[in-house]
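In: here is the input, now give the coordinates:
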Amino acid sequence: MKTRSAFRLAAAGAFALGLAFAAPATDATAGAHSETVTIAYNVSLPSWDPTVGLSAVNPTIQAIYRSVFDQFIAQGPDLSFQPGLITDWGWNDDRTKVWMDVRGGVKWHDGSDFTPEDVVFSLERAGKPDTGNPIQFIWSKIGNFSIDGQRITADVLSYEPTLFKWMAFLTGYVVPKDYMEKVGQEGFEKAPIGTGPYMVDKFERGAFLRLKANKDYWGGEPAFDTVIFKFVPDATSRVAEIESGASDITLEIPYEDFERLTEKDGLNGVTTPVSDIGMIFLNDVGPMEDKNVRLAAHMAINKDAIVKRLLKGYGVPIDTLQAPEYAAFDASIDVPYDPDMAKELLAKSGYSTDNPVTFTIQTTRGFKPKDYEMIQAIVGMWRKVGLEAEIEVYEIAKHFELRAQDKLAPAAFYNWGNAIGDPTTSTGFAMFGPSPHSVWDTDDLDAMIGPLWGEADETKRIAGWKAVDRYIAEQGYVIPLLQYVQPIVVNERVKIVPNVSGALQPYWFTKGE
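Out: Here you go, the predicted model:
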């Protein structure tokens, strides 16, 4: 029997294979070359700017961004914070100022020098409302920057306890000041440069991305000279990619395929609990304005059965938007599986299996393992208590678009990533009405969440978020389902380091025996 590694947290087919290349023939067979790694990836890259637009807050594409760009502060595979382009950082005693020490001797991909001015430019740009950064309201909390050698200082305009955490998270990337000002946004999309371990060699939108190693990377030269991301959104096609040898690595495939493939000679597998949560957004429209309907929808779902039967045990059922490893996780928050109670709640609002509530639920298909099948199962459970949902399938990019416009259906399945484990970046952004990532907009919840954004007392802040999570569960404002376990299958000639954030980073790859 083959040995399969499992890392735990410390803290259609032929068409897709043919489509994979519209690129030169050498690209299609590059996976066989000892200096090349080919990844059958589950999403494509919508935009090259890692700090603006809806795609900037998609956790799934951070593996690509981190290959080309560096973040202000880095994170290890266990989510520990590490020096990045900023080597040291902190607050003054009364937290009215921040300071950051900038790494020296770094080059942009075009050979120009990386400087503290690039860091200031990136922070100021991210904080301007008109540049389209979805996390602008975090970055705008500091200003009045000054530079003295390699040290940057700035005033705290409004205290944000998670500021430095965000420097290692979504949109927390440094972009080149002089180059951006020279070529503009359009020019940057055509020819992006960063300071990261890989440089863009060729990009065919919707098809593939080819990266070349940055030999002069400040962190050391990557092990593989070339990395190819094939964009293969269909899970069945990703299975075919790895099984045929057309790709060396794939991820987010059905768990039964994972177990079958990792028994094959030449293939290894890793299943890693990651910081992603499978959840159902509820929009405060139509039937979801009824508390009885919301709670019935939650109580009718047998999460344990979904994990055991559909996901073959790869997952952790949860009842809050905090995964067990997050700072504000509260194991005492419980929404029981109780279909009889669900029926009673619906009856109070005049609904039954003979007179069901009707609404639409949106979901991706193949983006995460068994996402569509999970929703099918949930819809079946709902039908038994008096909830009749019609399934609408969409691409993940459409989810972001509709969510930003507050036009999601009454129910919408999504995976929420939170690589820094802070309650603001799970419950906060998902449930606070003014957030561009929330579709639940009610005054009661906003009044509870609002004061917590700037709470300086950490004990009080975490306790406040736990109270918010309990209230959300009692009101049924969202339906958390499970913490994900990420399946990765890899050719034995490549050794990978799984990332608890779910971002599979090529820079951490090494050559197998």
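
In: going forward, measure contacts and count neighbours with C-alpha atoms only.
Out: Fine.

In: packing partners of whichever strand or helix holds residue 209?
Out: Per DSSP states H and E: residue 209 is located in strand 208-213. Under the contact criterion of 3 or more Cα pairs under 8 Å, 6 or more residues apart in numbering; DSSP states H and E, strand 208-213 touches strand 198-204, strand 226-231.

In: report the mean confidence score over the shortest one.
Out: In other words, strand 226-231. Strand 226-231 comes out with an average pLDDT of 98.

In: tell me the strands beside it, with direction?
Out: As defined by DSSP bridges, the strand partners of strand 226-231 come to strand 36-41 (parallel), strand 208-213 (antiparallel).

In: over to the first one?
Out: Taking DSSP bridges as the criterion, strand 198-204 sits next to strand 208-213 (antiparallel) in its sheet.

In: name the residues that touch the strand it pairs with?
Out: 20, 23, 44, 197-203, 221-222, 224-231 (Cα atoms under 8 Å, 6 or more residues apart in numbering).

In: quick check: buried residues in that strand?
Out: Of the residues in strand 208-213, 208-213 count as buried by neighbour count, 16 or more other Cα atoms under 10 Å.

In: next, residue 420: secondary structure please.
Out: coil (DSSP: H, G, I helix; E, B strand; the rest coil).

In: quick one: contacts for the spatially closest residue to residue 36 that is not a sequence neighbour?
Out: Leaving aside its sequence neighbours, residue 36 sits nearest to residue 226 (Cα to Cα, 6 or more residues apart in numbering; 4.6 Å). Listed by Cα under 8 Å, 6+ apart, the contact set of residue 226 reads 35-37, 210-213.

In: distance of residue 226 from residue 214?
Out: 10 Å (Cα to Cα, to the nearest Å).

In: now swap in residue 131 and tell me
Out: 29 Å.

In: now do residue 119
Out: Going from residue 119 to residue 214 by Cα to Cα gives 20 Å.

In: how about the helices in the stretch 101-250 of the chain?
Out: Assigned helices in the stretch 101-250 of the chain, in chain order: 116-127, 136-139, 163-166, 177-190, 235-244 (criterion: DSSP state H, counting those that start in this stretch).

In: quick check: which of those is nearest to residue 334?
Out: Checking these against residue 334 by Cα to Cα gives helix 163-166 as the closest, at 28.6 Å.

In: check contacts around the nearest residue to residue 355 once chain neighbours are set aside.
Out: Spatially, and ignoring its direct neighbours in sequence, residue 355 is nearest to residue 386 (7.0 Å; Cα to Cα, 6+ apart). Residue 386 makes contact with 343, 346, 351-357, according to Cα under 8 Å, 6+ apart.

In: out of these, which is most surrounded?
Out: Highest neighbour count within the contacts of residue 386: residue 346, with 26 neighbours (other Cα atoms under 10 Å).

In: helix or strand for that one, which one?
Out: helix 339-348.

In: contacts for that helix, please.
Out: Here helix 339-348 makes contact (Cα under 8 Å, 6+ apart) with 292-293, 295-297, 299-301, 352, 385-386.

In: what's the farthest-apart pair in those residues?
Out: The distance between the two most remote of the contacts of helix 339-348 (Cα to Cα) is 16.5 Å, for 301 and 352.

In: where does the nearest residue to residue 222 once chain neighbours are set aside land in three-state SS?
Out: Closest residue to residue 222 apart from its sequence neighbours, by Cα to Cα, 6+ apart: residue 507 at 5.6 Å. Three-state call for residue 507 (three-state DSSP): helix.

In: just name the most buried of the helices and strands packed on strand 208-213.
Out: Among the helices and strands packed on strand 208-213, strand 226-231 has the highest mean neighbour count (mean count of other Cα atoms under 10 Å), at a mean of 26.

In: okay, it in CSV with CA atoms only?
Out: This file holds the C-alpha atoms of strand 226-231, laid out as CSV (Å, rounded to 0.1, in the frame of the first residue of the first chain):
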residue,chain,number,x,y,z
THR,A,226,8.9,26.6,-15.1
VAL,A,227,5.5,26.4,-13.5
ILE,A,228,2.4,26.1,-15.7
PHE,A,229,-1.1,26.7,-14.3
LYS,A,230,-3.7,25.0,-16.6
PHE,A,231,-7.1,26.5,-15.8
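
In: from the chain's centroid, how far away is it?
Out: Its chain's average C-alpha position is 19 Å from that of strand 226-231, according to Cα atoms, centre = their mean, to the nearest Å.

In: ignoring the adjacent residues along the chain, who's closest to residue 151?
Out: Spatially, and ignoring its direct neighbours in sequence, residue 151 is nearest to residue 101 (4.5 Å; Cα to Cα, 6+ apart).

In: check the gap between that neighbour and residue 152 for me.
Out: Plainly put, residue 101 is 6 Å away from residue 152 if you go by Cα to Cα.

In: same question for residue 209.
Out: Distance from residue 209 to residue 152, by Cα to Cα: 35 Å.

In: helices and strands of this protein: which one bottoms out on pLDDT?
Out: Lowest by mean pLDDT, DSSP states H and E among the helices and strands of the chain is helix 13-19, with a mean of 30.

In: hmm, back to that, same list (the helices and strands packed on strand 208-213) but as a markdown table, adding distance to residue 272.
Out: Shown next, in a markdown table, are the helices and strands packed on strand 208-213 (distance: least, Cα to Cα, whole Å):
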| stretch | distance to residue 272 |
| --- | --- |
| strand 198-204 | 25 |
| strand 226-231 | 21 |
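
In: I figured residue 279 hits residue 417, correct?
Out: No. Between residue 279 and residue 417 there is no contact under Cα atoms under 8 Å: 10.7 Å.

In: check which helices and strands the longest strand seen in the chain sits against.
Out: The single longest strand within the chain, with elements called by DSSP state E, is strand 267-282. Applying 3+ Cα pairs under 8 Å, 6+ apart, one finds that strand 267-282 makes contact with strand 5-6, strand 411-417, strand 478-491.
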